[in-house]
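A.B. asks: Structure for this input, please:
(chains A and B, ligands or ions: 2)
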Amino acid sequence: MIGTELEPYDVIVCGAGHAGCEAALAAARMGMRTMLITGNIDTIAKMSCNPSIGGQAKGHIVREIDALGGEMAINTDTTAIQFRMLNESKGPAVQAPRAQCDKKAYQFRMKHVLELQPNMHLFQAIVSKLHYSAGKVKGVGTTIGADIYAKTVIVTTGTFLRGLMHIGRNKTEGGRSGDFSALTLSGSLKEAGIELERLKTGTPARVIGSSVNFSVMEEQPGDERPLLFAFYDTRGLPDDLFHVEQSPSLDLAERLLFHVEQGRGMRKAGWLPGSEQLSCWMTYTGDETRRVIMENLQSSALYGGEISGVGPRYCPSIEDKMVRFANHERHRLFLEPEGRNTDEWYINGLSTSMPFDVQQKILHSVPGLENAVMMRPAYAVEYDFAQPTQIHAWLETRAVEGLFFAGQINGTSGYEEAAGQGLVAGVNAALKVRGEPPFILGRHESYIGVLIDDLVTKGTFEPYRMFTSRAEHRLLLNHNSAELRLGEHAIRFGLMDEGRAKLVKEKIAKVRNWTERFEQIPAPGGRLGDYIRRGGDASPASADFHALSASTRDEIIYRVRYKGYLDRELKQVEKLSHIEKIAIPQGFDYGKVRGLRNESRQKLEKHRPETLAQASRISGVSPADISLLMVSFVSRNA
Amino acid sequence: MYSDGDTIVAAATPAGESALAIVRLSGPLCTGISEEFAGDRPVLPRKAFYGAYKAADGVLLDRCVFIPYPAASSYTGEDMLEISCHGNPLIVRQIVDDLLRRGCRPAEPGEFTRRAFLNGKMDLTQAEAVQDIISARCEAALEAARRQLDGSVGTAVNALLDKLLHVVAYTEAYIDFPEDDLPPESSEGPIAELVALQKAAKLLIATAPYSAMLRDGAKTVIAGLPNAGKSSLLNALVGEDRAIVSAEPGTTRDYIEERLLVGRHLLRVVDTAGLRIGAGEVENKGIEKSLNQIEHADIVILVLDSTTPLPYREVPEQVQKLSNRAGLIVVENKCDLPDSVKLSDIMPDAKHVRISALNGDGVEELRGVIAQTIESSCRVPGQDDVLVSARHAEALRSMSDNIALALEKMRSHEPAELAASDLRAALSALEQIVGRVDHERVLDLVFSSFCIGK
Ligand SMILES: Nc1nc2c(ncn2[C@@H]2O[C@H](COP(=O)(O)OP(=O)(O)OP(=O)(O)O)[C@@H](O)[C@H]2O)c(=O)[nH]1
Ligand SMILES: [Mg+2]
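C.D. replies: Ligands and ions are numbered 1, 2, ... in the order given. Down below sits the predicted model:
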């Protein structure tokens, strides 16, 4: 029987959230015998917070996940109820797709994908401890008394490690409203030498739509011609799994009950991702909201001193916003539908750690929500995470060989950040089992690479969220080029079927060839390249060009138009590439480096960078310090 | 600790007579030597003691003050000893010679600093500054180097960095938070700030030539027609026969360079080939070089032969061009000769000095005029001004260039991601001076200036 000491699984993934699902799928797709353990099979891929995927930088990550053969993009496309492209005016590199999803449909589909995946076992149990010996992982113990053995273990437990929920001063154990808390696993990890700290995050209230006065709010419809997350020009439209359909009307009387279309009928039924979109609605807090909040500040868990974990700066509670930006008359709120087949609405912008009665008052102070009926209150959750400087750039812990961490346990926030790490952890667990060198994504090739490098190099003091400004080579990371940047990795690891692999390779070649050809093709006033850089379009190109897929054409034009910029960034990447390759030996003695300032030495000793390039990214470490390190390595090797 | 095991010794004060001189030692022998001079008294770290300096052969050389520094608190990070003796060059030499006999070796130029740097006692900028102090050949250079050691360059550059980070944060906020309720974006504020940054950088950059001038000396080119007495003037200024002088016009074919101190300034004086039309081929080459020298000069001394007013009325074009050049001094040479006349109508805007390179008349006055000219035309910075090195200037220039690119994009309303890319390049130019800037600083500014988040 598999899972015993004698015949261990290749990979165990603990937790079936967004990180766990991608980790398990990647491992299983690489042929690993994989077990995905979750405390509750009914909450697989649950969107615990807002019902949306993508947005600035996060949308980029989702497209990268698709390029790496992951599931999040296609799962979003097939279950989304609204698509919007953000930032169109700021330029192609920083525009990002965002979607509202049907939360339940998202979960159902992901569960079904996992069920259909060969090499995958899904199992419901709560992991209580880690088994390891001689610094190597062996498996996990569960609260049902069963021990399950594996060569590698990926922990993707989200907010469940000693999760503690707060509503005002009321505290409940649990990683998410209605769920349990993993109480003992933390102790087991600490015993294994992993240090844990606390973080805090929160989620706003949900209300029933029939009690909301949408007529005083501003409608925010989806894009008419949505851009989807997955690259269908190489992977083809999905024709397998189900999707969920419903009339988009808000009028209850007109609304049909939903039905689920299942099996191989999607395209036949004429339904495409992006059909029948629903709107979000926008409103603002009022004067009354401020009054209620300021009057009750002391009862907030945050201001009352009940919460010790650090919350994210980019996701302040409404009381935080009122206090810190006292001069703002009003704060914007979005009402987002949680699905097609439910009338539950998420109130984006109204996170709070106020007690329930104050939450009610806050809610009713908002124009349009005067009579809103709350379905779930807002709450904050505090949980254990492991400072990610304790893991390698391939997400394996430094303390225990074969043990990998992905998602919120590494101090990140967001479904997308979690999923990206999950995929990388899954690939690396598989490579570990195969005895192959680890997969490290570069900062110059992906946001996922930036994310992981930031985490393992600098650690984090708040739930880490991706922003495009965190990427120094942002122009190289436009969402449309994800497949061109990462496709070859996916092909190498077998994360893409052969049909798609062939198309991706062709696409890469086409983009390269056409980008060069544009500099030759005649156009008004010279060559097509210059014509485009002067603001012209691609109309002088031949019909062959116009027959290419939209994603391919867009990328060619992007590369031609931004040539000077992309060249500049590529040159910087080139300059750095040699120090990316210089590894700093484990346990390296910085005290022996002649001339290193004491201040820099202390920083390097604290962060323990694995490459010279990582060292160069530590704040305050100067180019001169890096030269000294380089000299010391060179003289050592000479 | 870094050490090659040698104990190095050198006079820490400049050669020449003075009230006091300091001899400095660094290395393992310091402790033993301190103990010997201390005799029965205990040697306490950083505590001065007074005593007789007796050479190894017992001869009393001087009465000195000795200050021992243990490695932990010394300049170099090694054991050190400072000996203050009387400022007689002979005594200093005898003491150093004696220490050499005791097993020390002479320090190479800058070796104390190199040891300090290698032992983690200072960063590169400071080390550069110390190097400048050591090699400072004139008072003005010394002052500038001391200021740099104080960290004034770092302070000035960090002020620029703060300003730049604010603009970056502003731009990035509108890129990264498109769904947030930010105030309407305006490019006016950032544009004004960037323009101000460019100005500030320009002022700093402008000091770089002066710091180069401090290090290498103000370049002073002696130019003029053949046979005017240029080489004679060089010799008069230097005080020895450095250049060949002859009655034959066109004697100097290639240029000759000499360093000399004028007041608190170091000069790098270059004698050039005479400028004239219709010279031979070899001489023409020399003339070309002369013109090139003039172009890069801080100061030009145009030597005229005051006995031959003609053909100065028809001076070659190249010489005429000099007339509106900053830093020009006109020397009317050979004033000792009876047929010498005043030439004040030639290039009347320039300062004129009448001299005789032959007997030295007016040469002192000329020195004064040179010093004045350096201070007025070379924009000598005030006491509190920050001087940047060529390396810093290069980084600042690169920052400025990238800001210019960003401004162009902002003014023509191109996509914000492009201006942002230029601003990032500007930021990394500054990182060349201040080291890596953590991106968290940008985010901190974003979150503290804007109400962001849902
Ligand atoms: N009486 C007198 N003769 C001078 C004086 N200065 C230079 N001479 C003479 O003028 C002649 C030319 O002097 P140089 O110093 O060689 O002139 P130069 O400008 O260097 O000439 P080239 O190198 O040939 O261009 C020599 O015979 C000098 O002795 C002066 O102040 N008084
Ligand atoms: Mg001469």
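
A.B. asks: Wait, a helix at B:Ser34?
C.D. replies: Yes. B:Ser34 sits within a helix when classified using DSSP: H, G, I helix; E, B strand; the rest coil.

A.B. asks: Apart from its neighbours in sequence, what residue is nearest it?
C.D. replies: Closest residue to B:Ser34 apart from its sequence neighbours, by CB to CB, 6 or more residues apart in numbering or on different chains: B:Pro68 at 4.3 Å. For every residue, glycine as well, the C-beta is placed using N, CA and C.

A.B. asks: Just the CA atoms of the helix or strand containing that neighbour, as PDB, please.
C.D. replies: Using DSSP states H and E, B:Pro68 falls within strand B:60-69. Extracted in PDB, the C-alpha atoms of strand B:60-69 (Å, rounded to 0.1, in the frame of the first residue of the first chain):
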ATOM      1  CA  LEU B  60      69.100  60.400  22.700                       C
ATOM      2  CA  LEU B  61      67.300  61.600  19.600                       C
ATOM      3  CA  ASP B  62      64.500  63.800  21.100                       C
ATOM      4  CA  ARG B  63      62.000  64.000  23.900                       C
ATOM      5  CA  CYS B  64      58.600  62.800  22.600                       C
ATOM      6  CA  VAL B  65      55.000  62.100  23.400                       C
ATOM      7  CA  PHE B  66      54.000  58.500  22.800                       C
ATOM      8  CA  ILE B  67      50.300  57.400  22.300                       C
ATOM      9  CA  PRO B  68      49.700  53.700  21.900                       C
ATOM     10  CA  TYR B  69      46.400  52.500  20.300                       C
END
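
A.B. asks: What pairs with the next helix or strand after that strand, parallel or antiparallel?
C.D. replies: Next along the chain after strand B:60-69, taking DSSP H and E as the criterion, comes strand B:80-86. Looking at strand B:80-86 with DSSP bridges, its partner strands are strand B:20-26 (antiparallel), strand B:60-69 (antiparallel).

A.B. asks: hey, which of the ones you listed is tucked in deepest?
C.D. replies: strand B:20-26 (a mean of 22; mean count of other CB atoms under 10 Å in any protein chain shown).

A.B. asks: tell me which helix or strand of chain A sits lowest on mean pLDDT?
C.D. replies: strand A:259-261 (a mean of 50; mean pLDDT, DSSP states H and E).

A.B. asks: pretty sure B:Ala393 is touching B:Tyr210, no?
C.D. replies: No. If you go by CB atoms under 8 Å, B:Ala393 and B:Tyr210 don't touch, sitting 10.5 Å apart.

A.B. asks: Just the CA trace of stretch B:221-231, in PDB.
C.D. replies: The C-alpha coordinates for stretch B:221-231 follow below in PDB (Å, rounded to 0.1, in the frame of the first residue of the first chain):
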ATOM      1  CA  VAL B 221      48.800  76.600 -19.700                       C
ATOM      2  CA  ILE B 222      51.500  79.000 -20.800                       C
ATOM      3  CA  ALA B 223      50.800  80.000 -24.400                       C
ATOM      4  CA  GLY B 224      51.900  82.600 -26.800                       C
ATOM      5  CA  LEU B 225      53.800  83.400 -29.900                       C
ATOM      6  CA  PRO B 226      57.200  81.800 -30.500                       C
ATOM      7  CA  ASN B 227      60.100  83.400 -28.600                       C
ATOM      8  CA  ALA B 228      57.800  85.400 -26.300                       C
ATOM      9  CA  GLY B 229      59.500  83.900 -23.300                       C
ATOM     10  CA  LYS B 230      57.100  81.100 -22.300                       C
ATOM     11  CA  SER B 231      59.800  78.600 -21.400                       C
END
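
A.B. asks: average pLDDT across that stretch?
C.D. replies: Mean pLDDT, stretch B:221-231: 88.

A.B. asks: ok, the residue in the stretch 51-200 of chain A that chain B sits nearest to - contacts?
C.D. replies: Proximity of the stretch 51-200 of chain A to chain B (CB to the nearest CB) peaks at A:Gly91, 2.9 Å away. A:Gly91 sits next to B:Pro415, B:Ala416, B:Glu417, B:Leu418 when contact means CB atoms under 8 Å, 6 or more residues apart in numbering or on different chains.

A.B. asks: Quick check: pLDDT value at the residue nearest to B:Ser34.
C.D. replies: For B:Pro68, pLDDT reads 94.

A.B. asks: Please apply the same query to B:Pro381.
C.D. replies: 56.

A.B. asks: got it, and the one 4 residues further on?
C.D. replies: At B:Asp385 the predicted local confidence, pLDDT, stands at 63.

A.B. asks: Out of the strands paired with strand B:80-86, flag the one nearest ligand 1.
C.D. replies: strand B:20-26 (39.4 Å; CB to the nearest ligand atom).

A.B. asks: who wins for most neighbours among the contacts of A:Gly91?
C.D. replies: B:Glu417 (23 neighbours; other CB atoms under 10 Å in any protein chain shown).

A.B. asks: Hmm, it is touching A:Leu477, no?
C.D. replies: No. Here B:Glu417 lies out of contact with A:Leu477, judged by CB under 8 Å, at a distance of 10.8 Å.

A.B. asks: intersection of neighbour lists for these two?
C.D. replies: The contact sets of B:Glu417 and A:Leu477 overlap at A:Ala93 (CB under 8 Å, 6+ apart).

A.B. asks: quick one, strands of chain B?
C.D. replies: Counting by DSSP state E, chain B has strands at residues B:8-11, B:20-26, B:49-54, B:60-69, B:80-86, B:105-106, B:218-224, B:256-262, B:265-271, B:299-305, B:328-333, B:351-354.

A.B. asks: give me every residue that touches A:Val11.
C.D. replies: A:Val11 neighbours (CB under 8 Å, 6+ apart): A:23-24, A:27-28, A:32-35, A:150-154, A:426, A:429-430, A:433.

A.B. asks: How many residues are close by residue 9?
C.D. replies: Going with chain A. With other CB under 10 Å as criterion, A:Tyr9 counts 24.

A.B. asks: Sorry, I should have been clearer: chain B.
C.D. replies: B:Val9, neighbours per other CB under 10 Å, totals 28.

A.B. asks: try the one 4 residues further on
C.D. replies: B:Thr13: 16 surrounding residues under other CB under 10 Å.

A.B. asks: Look up the closest residue to it, ignoring the ones flanking it.
C.D. replies: Per CB to CB, 6+ apart, closest to B:Thr13 is B:Ala21, 4.6 Å.

A.B. asks: Ok, A:Arg176 next?
C.D. replies: Closest to A:Arg176 by CB to CB, 6+ apart is A:Ser48, at 5.0 Å.

A.B. asks: List phi and psi for that neighbour.
C.D. replies: phi -70, psi -20 (degrees, to the nearest 10).

A.B. asks: OK, contacts around A:Met466?
C.D. replies: A:Met466 touches A:Ala57, A:Lys58, A:His60, A:Ile61, A:Gly414, A:Glu416, A:Glu417, A:Tyr447, A:Val450, A:Leu451, counting by CB under 8 Å, 6+ apart.
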